[in-house]
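[1] Whatever this is, show me its structure:
(chains A, B, C and D)
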Protein chains: 2
Amino acid sequence: MSISAAETPVKQIQAVARELAQSTGFLLARLGFAFKAQAIANAEDAGFEVYDYSVLAILGEGARATQSTIAQALSLDPSRLVALLDSLEQRELIARQRDPLDRRRHVVSITAAGDRELRRLRGMVQALEEDFFAPLGADERAVLHELLTRLAARHDPSCCPLSEPD
Amino acid sequence: MSISAAETPVKQIQAVARELAQSTGFLLARLGFAFKAQAIANAEDAGFEVYDYSVLAILGEGARATQSTIAQALSLDPSRLVALLDSLEQRELIARQRDPLDRRRHVVSITAAGDRELRRLRGMVQALEEDFFAPLGADERAVLHELLTRLAARHDPSCCPLSEPD
DNA sequence: TATTGTTATACTCTATAACTATA
DNA sequence: TATAGTTATAGAGTATAACAATA
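    Here you go, the predicted model:
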């Protein structure tokens, strides 16, 4: 009998996969990644990149902000934001204008077209959500959401504000 | 009254965060990322990198495999695997030897020390799992696992073999 | 000629550091 | 001198292509 290496690779892989599938954390990581990947793919099919949504969502709430504010809100380096805004501005989804009070500042605002696109993106996310969690019933989805919210409160407090103003 | 940009950045951010926290998919992505990040941090603290675990786990099941087999199993480019194995070999956690039957092949096998480290890594993952899901009760964890498994069967079948041999 | 493992090259992405204009 | 936005530089990480040895 030989050393014969590539003996049963498939079984090895299956065994490891089975082991990992036992881990709730691993499932969480894989599914989270799958959801994100799908969201990115959908957005790119529609001609957007990931951060476009973030920028538009921030502006959608408050209508205008300086670049440094946006960068801070998205934990993004100001230099990275430039290209993002260039692209959005070129498509006329946002507008930049100098702040007359401090001509160093650019005041960024969302346009009517930008608002439309934001709504479209929100619809896309909602549709994805609907599709992704379709294997679960409404009540099961509610349970899942509640459990995840409790975990997020511990592990990712920044994303889940505990205080619910007004 | 002025254009005054940076008016209420905090409220904007909170509003967006609140919107995102409504999305189960977003929570899934954030928590999955948090779990992975924590696992990576723990592994690196112990002197490992992420793929070390994967390689050792594969070898732990079947004891030996060729490099191309491992690369295939991990969906890794063979050229990337080289550095990983170099590192593991240097620490004497795996061993490479030429296959006498086909001298192009390297037969990779796990050492006794490698097996010990693998067990240690498994323990670390288990401890992280325990800690990460501590906010939930045992029954709630079981429910979460079941729901995630159902979702994975749809969205990530490769990671969750439906057939349960023996 | 094809394949295994390896090394070298090129490319992308991002973080850092300079730079311009305003204050 | 300090700050907002921009541009240029450099570094890490990775994918692709070339390579040497075997078959």
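
[2] Look at the residue of chain A at minimum distance from chain B and give its secondary structure.
    As assessed by CB to the nearest CB, chain B sits closest to residue A:32 within chain A, at 2.4 Å. Where you see a C-beta, it was placed from the backbone N, CA and C, and this is true even at glycine. Three-state assignment for residue A:32 (DSSP: H, G, I helix; E, B strand; the rest coil): helix.

[3] In this structure it contacts residue B:37, no?
    No - using CB atoms under 8 Å, residue A:32 makes no contact with residue B:37, being 11.4 Å away.

[4] Please compare those two by neighbour count and tell me which comes out ahead.
    residue A:32 (24 against 12; other CB atoms under 10 Å in any protein chain shown).

[5] Which residue, other than its chain neighbours, is closest to residue A:158?
    Once flanking residues are discounted, residue A:158 sits nearest to residue B:17: 7.5 Å by CB to CB, 6 or more residues apart in numbering or on different chains.

[6] The one you found - how many residues pack around it?
    Neighbours around residue B:17, by other CB under 10 Å: 16.

[7] Residue A:136: how many residues sit nearby?
    17.

[8] Next, it: phi, psi?
    Dihedral pair for residue A:136: phi -110, psi 150, per degrees, to the nearest 10.

[9] quick one: pLDDT of it?
    The model reports residue A:136 with a pLDDT of 98.

[10] And the nearest residue to the residue of chain A closest to chain B once chain neighbours are set aside, how far from residue A:39?
    Closest residue to residue A:32 in three dimensions, ignoring its sequence neighbours and counting by CB to CB, 6+ apart: residue B:32, at 2.4 Å. As judged by CB to CB, to the nearest Å, residue B:32 and residue A:39 stand 13 Å apart.

[11] And residue A:48, by the same measure?
    Taken as CB to CB, the span from residue A:48 to residue A:39 is 10 Å.

[12] just residue A:99 next, same as before
    According to CB to CB, residue A:99 stands 34 Å off from residue A:39.

[13] now do residue A:101
    From residue A:101 to residue A:39 the distance is 38 Å (CB to CB).

[14] more crowded one of those two?
    residue A:39 (22 against 11).

[15] how about the strands of chain A, start to end?
    Counting by DSSP state E, chain A has strands at residues A:64-66, A:94-99, A:102-110.

[16] okay, the ones you listed, which one's buried deepest?
    strand A:64-66 (a mean of 22; mean count of other CB atoms under 10 Å in any protein chain shown).

[17] Residues of chain A that sit close to DNA strand D?
    Residues of chain A lying near DNA strand D by CB under 7 Å from any atom of the strand: A:66-68, A:71, A:78-79, A:81-82, A:85-86, A:96, A:102, A:104-106.

[18] If we use 10 Å, what do you get?
    A:65-72, A:77-86, A:89, A:96, A:98-99, A:102-108 (CB under 10 Å from any atom of the strand).

[19] give me the subset of the residues you listed touching chain B.
    Contacts with chain B within those, as defined by CB under 8 Å from any CB of the partner chain: A:65, A:66, A:68, A:69, A:72, A:99, A:105, A:107, A:108.

[20] Give me the neighbour count for the fourth one.
    Counted with other CB under 10 Å, residues neighbouring residue A:69 total 23.

[21] contacts for stretch A:58-77?
    Under the contact criterion CB atoms under 8 Å, 6 or more residues apart in numbering or on different chains, stretch A:58-77 has outside partners A:51, A:54-55, A:78, A:80-82, A:84-85, A:94, A:99, A:105-110, A:114-115, A:118, B:3, B:5-9, B:11-13, B:15-16.

[22] Buried subset of the residues you listed as a PyMOL selection?
    Entered in PyMOL, the line below selects the buried ones among the contacts of stretch A:58-77, by 16 or more other CB atoms under 10 Å in any protein chain shown:
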select buried, (chain A and resi 51+54+55+81+84+85+94+99+105+106+107+108+109+110+114+118) or (chain B and resi 5+6+9+12+13+15+16)
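
[23] Flag every residue of chain A that's near DNA strand C.
    Residues of chain A lying near DNA strand C (CB under 10 Å from any atom of the strand): A:5-6, A:49-51, A:75-80, A:82-83, A:98-105.

[24] Quick one: the helices in chain A, in order.
    For chain A, applying DSSP state H gives helices covering A:9-21, A:24-45, A:50-62, A:67-73, A:78-90, A:112-132, A:138-155.
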